[in-house]
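Asks: Just a sequence and a predicted model for now, questions to come.
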Amino acid sequence: MNVKDYIASGIIEQYVLGDVSPQEKQEVECMSHIYPEIQAEILQVQEVLEAYAMDNAIEAPKHIKQNIFEQIEKESQAIPIVTAPNTAKVVAINKEE
């Protein structure tokens, strides 16, 4: 197997993004245990994608969190709490029968 061709195929990027079939996932994981170059490529792709995500992250407006909690509070108050009546029946056992 040519490891450089395998890496160049794009399977590593697809694997890291979770865009592979279960069989391909198993194949990449198996290959990464056999070939350290593949494991190193997986780690590098993960780091690059994480850095890209962090560099392009958009911070949510500060009021969003408060709005979410207020909406949860409103919805939780609107839902009636229904409890089942106590239906357990206690039966005395007479051991002397």
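Replies: Cool, got the structure. Residues are numbered from 1 along each chain as shown.
Asks: make it CA atoms for all contacts and neighbour counts henceforth
Replies: Fine.
Asks: The helix or strand that contains Y6 packs against which elements?
Replies: Assigned by DSSP states H and E, Y6 belongs to helix 3-8. On a contact count with 3 or more Cα pairs under 8 Å, 6 or more residues apart in numbering; DSSP states H and E, helix 3-8 meets helix 36-55.
Asks: Tell me the buried residues in the helix holding Y6?
Replies: When burial is assessed from 16 or more other Cα atoms under 10 Å, helix 3-8 yields no buried residues.
Asks: what sits up against it?
Replies: 35, 37-38, 41 (Cα atoms under 8 Å, 6 or more residues apart in numbering).
Asks: how about whichever helix or strand comes after that helix: buried residues?
Replies: The helix or strand immediately downstream of helix 3-8 is helix 11-17, counting by DSSP H and E. For helix 11-17, the neighbour count (16+ other Cα under 10 Å) marks 11-13, 15-16 as buried.
Asks: ok now stretch 60-79, how far from the chain's centre?
Replies: 24 Å (Cα atoms, centre = their mean, to the nearest Å).
Asks: Give me the mean pLDDT for it.
Replies: Across stretch 60-79, pLDDT averages out at 84.
Asks: next one: stretch 39-50
Replies: Mean per-residue pLDDT for stretch 39-50: 96.
Asks: buried set for that stretch?
Replies: Neighbour counts over stretch 39-50 (16+ other Cα under 10 Å) mark 39, 42, 45-46 as buried.
Asks: Let's have those residues in TSV, adding distance to E73.
Replies: Output for those, formatted as TSV (distance: Cα to Cα, whole Å):
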residue	distance to E73
Q39	47
I42	43
V45	41
Q46	38
